[in-house]
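# pasted the sequence and its predicted model underneath.
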Amino acid sequence: MIYETIASNKRRAVFVIMFFVIFVLVLGYVFGQTSGSGPFGILLAAIISIVMVYGSYYYSDELVLAVSRAVPADPVEHTYLINTVEGLCLAAGLPRPKIYIISDTAPNAFATGRDPKHAAVVFTTGLIEKLNRQELEGVIAHELSHIKNYDILISSIAVVLVGTITLLSDWMLRNVRWSRLGGRGRGLGGSAGLAFLLLAIVLALISPLIGQLLNLALSRRREYLADAEGVLLTRYPPGLADALEKLSGNKEELEVANKATAHLFIVNPFTNIKGGLSGFFDTHPPIEERIRILRAM
């Protein structure tokens, strides 16, 4: 089962990267036609794609840690946390990941990196302070399961690529408006020019939605799997169930989280998003359902 999950996550990572490259090339082509830059638009898009794919694969974890304002765990202050992570890594047959801390009272955690040898686990100070030993072990085991299953590969890549799509679409829309409405366009004229202009506007407007759909490609199923495999590691389902119950009662939003990084965390860091269409775009399964499944184990 685990080997199938790892292989599936690697295939999904390739799919996300290919989708990103194709989508950015389409944006570049449309931009080239509407702005009058012609082939330069595709060339620019190709360069952006190559740079961002390379950067997201090798440096996405560093970017995520920087954006989250995470700092390395202090060997003295966080001795128990470090020892617990090391013990569970031995049980899971994993190399010890780097351990980071976010100074925030909202309890949460996530893992990032491209593979088990280049991974990091991050915990908020609120999580460390509010969970007991068994609950903390449950959360750590959950995050180590993400690392073992290579969930972190696609999650980390998605952070950078989704953010890039959103930025490119906004930049493209601004340039299209400037070149056309400002009367400085040198692109296609007549009905063809109008058609490309409309297409450019539509693509720019739906690009953030495309980014969210990319996030959905990560699948909520990975959280259920990480819960189950984390429990196999600790042999104590109530630990993670109790931790999730405490986290579900939290009313504080994590200040450093944003829409690009939200899917990384063990629970949704935005506590005020409930019901309606937000449930459709939520990469996290209902926490009540996760708790119910864990209680039944």
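That came through, no problem. Numbers count the residues shown, from 1 in each chain.
# what is the neighbour count of residue 158?
27 (other CB atoms under 10 Å). Yep, even glycine has a C-beta here, placed from its N, CA and C like the rest.
# end-to-end on stretch 29-48?
Using CA to CA, to the nearest Å, the end-to-end distance of stretch 29-48 comes out at 13 Å.
# and that stretch, how far out from the chain's middle?
The chain centre lies 28 Å from the centre of stretch 29-48; the measure is CA atoms, centre = their mean, to the nearest Å.
# now stretch 95-102
Stretch 95-102 sits 17 Å away from the centroid of its parent chain (CA atoms, centre = their mean).
# identify the residues contacting that stretch?
Residues from elsewhere that reach stretch 95-102 (CB atoms under 8 Å, 6 or more residues apart in numbering): 65, 68-74, 78, 81-82, 85-86, 89, 108, 111, 113, 116-117, 119-125, 128, 144, 147, 254, 256.
# mind listing what's buried in that stretch?
96-102 (16 or more other CB atoms under 10 Å).
# any chance of CSV for the residues you listed, columns distance to residue 27, pLDDT and secondary structure?
CSV is the format used below for the buried residues of stretch 95-102 (distance: CB to CB, whole Å; pLDDT from 0 to 100; DSSP: H, G, I helix; E, B strand; the rest coil):
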residue, distance to residue 27, pLDDT, secondary structure
96, 41, 96, coil
97, 35, 96, coil
98, 35, 96, strand
99, 38, 97, strand
100, 34, 98, strand
101, 38, 98, strand
102, 34, 97, strand
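# still on that earlier bit, now, the contacts of stretch 95-102 that are in helices?
Counting by DSSP state H, the part of the contacts of stretch 95-102 found in helices is 65, 81-82, 85-86, 89, 125, 128, 144, 147.
# got a markdown table for these, with distance to residue 171 and neighbour count too?
Output for the ones in helices among the contacts of stretch 95-102, formatted as a markdown table (distance: CB to CB, whole Å; neighbours: other CB atoms under 10 Å):
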| residue | distance to residue 171 | neighbour count |
| --- | --- | --- |
| 65 | 26 | 19 |
| 81 | 41 | 19 |
| 82 | 42 | 16 |
| 85 | 40 | 25 |
| 86 | 45 | 13 |
| 89 | 42 | 20 |
| 125 | 37 | 15 |
| 128 | 40 | 18 |
| 144 | 38 | 26 |
| 147 | 34 | 26 |
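# closest to residue 248 out of these?
residue 128 (18.0 Å; CB to CB).
# in the stretch 151-297 of the chain, which segments are predicted with low confidence?
When residues are selected by pLDDT under 70, those of the stretch 151-297 of the chain lie in 166, 168-170, 172-197, 199-200, 203-205, 207-220, 271-283.
# would you map the helices across it?
Ranges of helices within the stretch 151-297 of the chain are 151-181, 190-216, 221-234, 237-248, 278-281, 287-296, based on DSSP state H, counting those that start in this stretch.
# residues contacting stretch 229-241, please?
Around stretch 229-241, the neighbours that count as contacts under CB under 8 Å, 6+ apart are 2, 88, 91-92, 134-135, 137-139, 141-145, 148-149, 227, 291, 294-295, 297.
# ok, of these, which come out buried?
Buried among the contacts of stretch 229-241 by 16+ other CB under 10 Å: 88, 92, 135, 137-139, 141-145, 148-149, 227, 291, 294.
# pick out the lowest-pLDDT one from these.
Lowest pLDDT of the buried ones among the contacts of stretch 229-241: residue 149, 88.
# is that one in contact with residue 224, as I believe?
No - with contact defined as CB atoms under 8 Å, residue 149 does not reach residue 224; the gap is 11.6 Å.
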